[in-house]
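K.L.:
sequence and predicted structure below; questions after.
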Amino acid sequence: MTLILIFFLLLPVLAIVVVSFWQSTAYSYSPAFIFENYEFLLTSPVTLSVYLKTLMFTGITWLCCLLIGFTVAYFLAFHVRSLPVQIGLFLLCTVPFWTSNIIRMISWIPFLGRNGIANNALQDLGLIDEPLEWLLFSDFAVILAFVHLFTLFMIVPIFNSMMRLDRSLIEAAVDAGATGWQVLSNVIIPLTKPGIMIGSIFVITLVMGDFITVRFMSGGQSASVGRVISNEISLLQYPAASASAVILLLTVLIMIGTLLRFVDIRKEL
Amino acid sequence: MRELNKKTHRSNLTKTGKQRRLLMKGAAATVAAGTISGAPMIWAQNIKDITLRQFGTGVSNLNDVADKVKEDLGFTLEMTSLDSDSVTQRAATQPKSFDIADIEYWICKKVWPAGNLQAMDTSRIDNYDKIVGTFRSGKLNPDSVIAQGTAPHSVGFVDGPDGKSFVNEESGWMTLIPTIYNADTLGIRPDLIGRDITSWAELLNPEFKGKASILDISSIGIMDAAMVCEAMGEVTYGDKGNMTRDEIDQTMAIFTEAKKNGQFRAFWKSFDESVNLMSSGEVVIQSMWSPAISAVRSKGIPCVYQPLEEGYRSWGGGLGLSKNLSGLELDAAYEYINWYLSGWVGGYLMRQGYYSAVPETSKNFMSTDEWGYWFEGKPAEGEIVNPQGVVMEQAGAVRDGGSFDERMGKVACWNSVMDENQYMVRKWNEFIAA
């Protein structure tokens, strides 16, 4: 286990850190110890705007995934009484995952386009006169695709936490005179925190590192940190890409570290 | 399993290669003479075992070509298609992963110094003398003016078999054997625009707000952008193929402003993205490549490759040999290149709207009507059919832009790589992120 971690996690990360100090020209790169890659990265106005954009995508996606994921999990865990139905509905949630996520993402394009199904339906209903331009190739489209792709990662851990929750606690709360809302906020939410936390980690890391969804759904018009890195790689700027990757890794680690401050996952599990 | 096959296959090959070299010592002179005159391969049996690995952009990496190679020459050609960024990356960093690189001339300028390719002896190329002037002297006709940018002849020759620096005259050592080339312009949807488009400046015309697109491959996108800015009269360039920092800044400022005003619907990076944008009507005017136009048209959607008064942005590609090729494999590679220029591929590619390096041999593989339509710009007499058998045009149609001389004679600028490439890339990324 330790060996696997060393070979497949630690060594690659170390290599990235080392390369991030190398120098590069248009077509080659060579070992060196320079700070130019970081200097350019940390002083460029693009970096700031790209990080803000990525954080915005992450924040909104996380919130939407949490709300939808929690609601679905709650419904599955507490409203559906019979186990077979529960399992059936749960499997239903995973059906979209039987195809590749690129296909799931691309299928939005004909749906949201200027002459797409959504615009045609709205126009036929007489709700709008002109097709809505912002449905596709916009930040809206990016977030929609993210939420669609990643909500399941929120549903699963929350559902798991809810199923392990001791039902007698809810009965006790109700017996003690708690309203439905109080049961939710005082019993269920605190006890499903580990699930929420694990789901959040999934969603945040997935969105922070994504590049292909942003490219397709924004029509190449929005940038995210992942896209910047993939652009740099495609232009053979490996040292610059490594530096960006190191900064991204640190950012995500700080975010997750902060999250873990709120809940001790080890203890709760 | 496939990997394994390949490995055993390779070791057999080196064995036979060694035996061959021993045999060859005595007969070296006769063998050399044989290959130069292009006589049928002496090692016809051995050559069947050879696999040449070719990679390049999807444009000319066609399985039909690989099948025909197997049929005509007997050896196997493995094709890998990549986008131009990945092609550059591979040619520069993974020399062992290919035998033949199908790259563009501007990519050649970028990756040649990395030393992974070997120059070709033009005396072993049968049709060398018939290659279009653009790729040798730089001039299509003796009185042509050489366009801006990385003109193919300027990176087409080096000073020797191991030469690292490009030379301007025909030195006898060629970096790439030209395969296909074309003149690019804007694609439009005439049915959705409803009026004549005559200038590159129309790309930023507010009339097409939210319905324009440009390609997000910085080295090509910047050229299209420059064509537009120059046509608008906003920027004057010394050389659009080699801009100064100031020229780059001015160009990107104009495009960033247009982007912020919502001029662009999307940016595209791959061929099929551009086809989808155009055929769905999301975009009505955009940078486009000629087969993409054909793809849109074959869906029955009107789409024109609009000739513009400022001229074309042109590009050309060629085959380069990996440094690792030697012996029998190198002979096979020369055999392949000679076959490539002998007409079948040329005819195939011309029927897709490209031009071949040796048009006169391609003519033998095209009907008079096809030749008239694609090359001479004459009205089609019957239906024009593409290599897959889909009807492209009805009788009477004339090719957008006219004849070969009219199109290739109006090249304003070649795809290129600039001295300020890194700066340009950074600015381009800022534009995309803006």
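P.N.:
Noted; the coordinates are in hand. What you see is a predicted model, and the numbers here were worked out from it, not measured in a lab.
K.L.:
quick one: residue B:370 from residue B:393, how far?
P.N.:
11 Å (Cβ to Cβ, to the nearest Å). In this view, the C-beta of every residue, glycine as well, is placed from N, C-alpha and C.
K.L.:
what is in contact with these two at once?
P.N.:
Between them, residue B:370 and residue B:393 share these contacting residues under Cβ atoms under 8 Å, 6 or more residues apart in numbering or on different chains: residue B:384.
K.L.:
tally of neighbours for residue 200?
P.N.:
You didn't say which chain, so I picked chain A. For residue A:200, the count of nearby residues is 23 (other Cβ atoms under 10 Å in any protein chain shown).
K.L.:
oops, chain B please
P.N.:
Neighbours of residue B:200 under the rule other Cβ under 10 Å: 26.
K.L.:
what sits against it?
P.N.:
B:186, B:224, B:227-228, B:230-231, B:308, B:310.
K.L.:
from the contact counts, what lies against the one helix or strand residue B:339 maps to?
P.N.:
Element membership of residue B:339 [criterion: DSSP states H and E] is helix B:327-340. In terms of contacts (3 or more Cβ pairs under 8 Å, 6 or more residues apart in numbering or on different chains; DSSP states H and E), helix B:327-340 is packed against helix B:2-36, helix B:44-47, strand B:51-56, helix B:63-72, strand B:177-184, strand B:312-322.
K.L.:
name the residues that touch stretch A:29-41?
P.N.:
A:19-24, A:47, A:236-240, A:242-244, A:247.
K.L.:
which of those fall in helices?
P.N.:
Those of those mapping onto helices are A:19, A:47, A:238-240, A:242-244, A:247, per DSSP state H.
K.L.:
can you redo the residues you listed as TSV with neighbour count and pLDDT?
P.N.:
As requested, these are arranged in TSV below (neighbours: other Cβ atoms under 10 Å in any protein chain shown; pLDDT from 0 to 100):
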residue	neighbour count	pLDDT
A:19	20	88
A:47	17	87
A:238	21	83
A:239	24	87
A:240	28	86
A:242	24	91
A:243	27	91
A:244	26	91
A:247	19	93
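K.L.:
hmm, which two among the residues you listed are most spread apart?
P.N.:
Based on Cβ to Cβ, the longest span within the ones in helices among the contacts of stretch A:29-41 runs between A:19 and A:47 and measures 18.6 Å.
K.L.:
lowest average confidence, helix or strand, in chain B?
P.N.:
Ranked by mean pLDDT, DSSP states H and E, the helix or strand of chain B with the weakest confidence is helix B:2-36, at a mean of 41.
K.L.:
could I get the full set of helices for the stretch 1-150 of chain A?
P.N.:
For the stretch 1-150 of chain A, applying DSSP state H, counting those that start in this stretch gives helices covering A:2-5, A:11-19, A:36-43, A:45-74, A:83-94, A:101-106, A:108-112, A:117-124, A:139-164.
K.L.:
deepest in the core, which of those helices is it.
P.N.:
Scoring the helices of the stretch 1-150 of chain A by mean neighbour count under mean count of other Cβ atoms under 10 Å in any protein chain shown gives helix A:139-164 as the most buried, with a mean of 21.
K.L.:
look up how far residue A:108 lies from whatever residue of the stretch 101-250 of chain A ends up closest to chain B.
P.N.:
Nearest to chain B in the stretch 101-250 of chain A, going by Cβ to the nearest Cβ, is residue A:219, at a distance of 2.5 Å. Computed as Cβ to Cβ, the residue A:219 to residue A:108 distance reads 12 Å.
K.L.:
need the contact list for residue 64.
P.N.:
This is for chain A. Shown in contact with residue A:64 (Cβ under 8 Å, 6+ apart): A:143, A:147, A:151.
K.L.:
let's do chain B instead
P.N.:
B:348, B:387.
K.L.:
in terms of helices and strands, where is the spatially most central residue of chain A?
P.N.:
Per Cα atoms, centre = their mean, the C-alpha nearest to the average position across chain A is that of residue A:203, at 2.9 Å. Following DSSP H and E, the helix or strand that holds residue A:203 is helix A:189-209.
K.L.:
quick one: the following helix or strand past that helix near chain B?
P.N.:
Downstream of helix A:189-209, the first helix or strand assigned by DSSP H and E is helix A:212-217. Yes - residues of helix A:212-217 contacting chain B under Cβ under 8 Å from any Cβ of the partner chain: residue A:215.
K.L.:
give the contact list for whichever residue of the stretch 301-434 of chain B sits closest to chain A.
P.N.:
Closest approach between the stretch 301-434 of chain B and chain A, counting by Cβ to the nearest Cβ: residue B:433, at 3.6 Å. Contacts for residue B:433 (Cβ under 8 Å, 6+ apart) come out as A:46, A:49-50, A:53, A:222-223, A:228.
K.L.:
poorly predicted segments of chain A, please.
P.N.:
Across chain A, the ranges flagged by pLDDT under 70 are A:25-28, A:267-269.
K.L.:
quick check: residues of it near chain B?
P.N.:
A:26-28, A:44-46, A:49-50, A:53, A:109-110, A:113-115, A:133, A:136-137, A:215, A:218-223, A:228, A:231, A:233-237.
K.L.:
can you select the buried ones from those in ChimeraX?
P.N.:
A single ChimeraX command is used to select the members of these judged buried by 16 or more other Cβ atoms under 10 Å in any protein chain shown:
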select /A:26,27,44,46,50,53,109,113,114,133,136,137,215,218,219,220,221,222,223,228,231,233,234,235,236,237
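K.L.:
and chain B, what are its domains?
P.N.:
In terms of domains, chain B is parsed into B:39-183+B:315-362, B:186-310+B:403-433, B:368-401 (source: automatic domain parsing).
K.L.:
ok, and the closest non-adjacent residue to the spatially most central residue of chain B?
P.N.:
Centroid check for chain B by Cα atoms, centre = their mean gives residue B:317 as the closest residue, at 3.2 Å. Distance criterion Cβ to Cβ, 6 or more residues apart in numbering or on different chains; nearest residue to residue B:317, sequence neighbours excluded, is residue B:104 at 4.7 Å.
K.L.:
so the one you found touches residue B:84, yeah?
P.N.:
Yes - with contact defined as Cβ atoms under 8 Å, residue B:104 and residue B:84 form a contacting pair (6.8 Å).
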